[in-house]
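**Q** build me a model from this:
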Amino acid sequence: MTQTQRSPQQPDVPVRIRPDTAQTGTSAFVTGHFPRRRGLIILLSVLGGFLLTVIWSAEFVDRTIGDNVANTLLGHDAKETPIQGVAAGVLFAFVSGIAGTFTACNIAAFGALAPLTGTTGSRLSRFVQPLKPLGWMSVGMVAVSATYGAIVGFVGTSMPQFSTASNSPGSLSPRSIQSMVVFGLIGLIMIYLGLAALGVVPDPFARIARRHPNVPMVFMGVLIAGFLIGRPFALFRQMFRDAAESGNPLYGAAAFTLQSIGNIVIMAVLFLLLAWLAGSRLQRWFSARPTRLATLTAVAFIVAGAFTFLYWDVRILARREIIPWYPTAPWS
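**A** Numbering: from 1, shown residues only. Model prediction:
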């Protein structure tokens, strides 16, 4: 009677999961492929955000770029000419949004979306595919901006942003406090999203994105619209005061919505062009090493978040002489 031969049993070998191995992707910003040297990535990203706060000149961006763009599009001095009527206010809202395109907060938000431009297929499909995340982002953006605009039209004259109090050394005006709270919170949220992209902290969208995969992009739109709640950009404050003094919630909602749309028009076009011209090459580059997408997403979020928090909370305290010093470039 012959006995069935069995192959010798292989000993159990412990398996170590390396940081750059694939995990299950959970949402739009967390791919599940986590790079090595995550500590170094975080350190360099925070340092990059800090250096941007040192060299960034809000006066140049707001006045030299923003005011000139608005004056050219409107055909008159945007700051010196009063807003006359609803039609003029709606036009001013849209133009002031375009003029504020290159403010720091807007660039930060779209910098975090840049990795999503990697697409495949024909040129038409590479152009159409990014419309979906932009569309869902707009849902969140419009919902918040319209709601806030309606609130401004109803109770705006008693809100901190309506205040004209000047900032004096050793104190903060009500509108500065509002800006610090809003931008500080947005900055911390962006830093968390960057850490989640690296797998350092849990993905906040892990559960809900399984059933509603577009929620992360809607949330990104909410963050972008949140900039309106704290933005001190002079042309925006002019629009804010006009909407608040009107006492018309519908006008406020329409003006703030158009301001948000104008604010992302140029960046959205650049986003679509990047996807159309280089989407397939970016996709191949990401596919060759999947950790690249996680790294770029994390770097964009952490740099943007560190910049937003340090610029609007720490640097502002130094400019108001509440803390002794913060490094700034001579031109800033």
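
**Q** contacts only, for the closest residue to Ser171 other than its chain neighbours.
**A** Closest residue to Ser171 apart from its sequence neighbours, by CB to CB, 6 or more residues apart in numbering: Arg320 at 6.8 Å. C-beta: built from backbone N, CA, C; applies to glycine. If you count contacts by CB atoms under 8 Å, 6 or more residues apart in numbering, Arg320 has them with Asn167, Ser168, Pro169, Gly170, Ser171, Leu172, Ser176.

**Q** looking at those residues, which are in helices?
**A** In this view, these that belong to helices under DSSP state H are Ser176.

**Q** tell me which of the contacts of Arg320 is nearest to Pro133?
**A** Distances from Pro133 to the contacts of Arg320, taken as CB to CB, are shortest for Ser176 (33.5 Å).

**Q** quick one on the thing from earlier: and the residue nearest to Ser171, what pLDDT?
**A** You'll see Arg320 listed with a pLDDT of 90.

**Q** any idea how far it lies from Ile191?
**A** Remark: distance between Arg320 and Ile191 (CB to CB, to the nearest Å) = 24 Å.

**Q** neighbours of the spatially closest residue to Phe162 that is not a sequence neighbour, just the number please.
**A** Residue nearest to Phe162 in three dimensions, not counting chain neighbours: Ala244, with 5.4 Å by CB to CB, 6+ apart. By other CB atoms under 10 Å, 22 other residues sit near Ala244.

**Q** for Ala244, give me its contacts.
**A** Val152, Gly153, Gly156, Thr157, Met159, Phe162, Gly252.

**Q** what residues does the nearest residue to Gly230 once chain neighbours are set aside make contact with?
**A** Residue nearest to Gly230 in three dimensions, not counting chain neighbours: Val182, with 3.1 Å by CB to CB, 6+ apart. Applying CB under 8 Å, 6+ apart to Val182 gives the contacts Gly226, Phe227, Ile229, Gly230.

**Q** now Val182: which helix or strand?
**A** Assigned by DSSP states H and E, Val182 belongs to helix 174-197.

**Q** quick one: the residue nearest to Gly230 from Ala78, how far?
**A** 24 Å.

**Q** same check, this time on Ser171
**A** Ser171 sits 30 Å away from Ala78, going by CB to CB.

**Q** so which of these two has more stuff around it?
**A** Neighbour totals were compared for Ser171 and Ala78, and Ala78 leads with 24 against 12 (other CB under 10 Å).

**Q** shouldn't that one be within a strand?
**A** No. Using DSSP: H, G, I helix; E, B strand; the rest coil, the assignment for Ala78 is coil, not a strand.

**Q** which residue is the nearest non-sequential neighbour of it?
**A** Of all residues not flanking Ala78 in the chain, Ala70 sits nearest, at 4.0 Å (CB to CB, 6+ apart).

**Q** what number of residues lie near the one you found?
**A** Neighbour number of Ala70 under other CB under 10 Å is 23.

**Q** fine, thanks again, bye for now.
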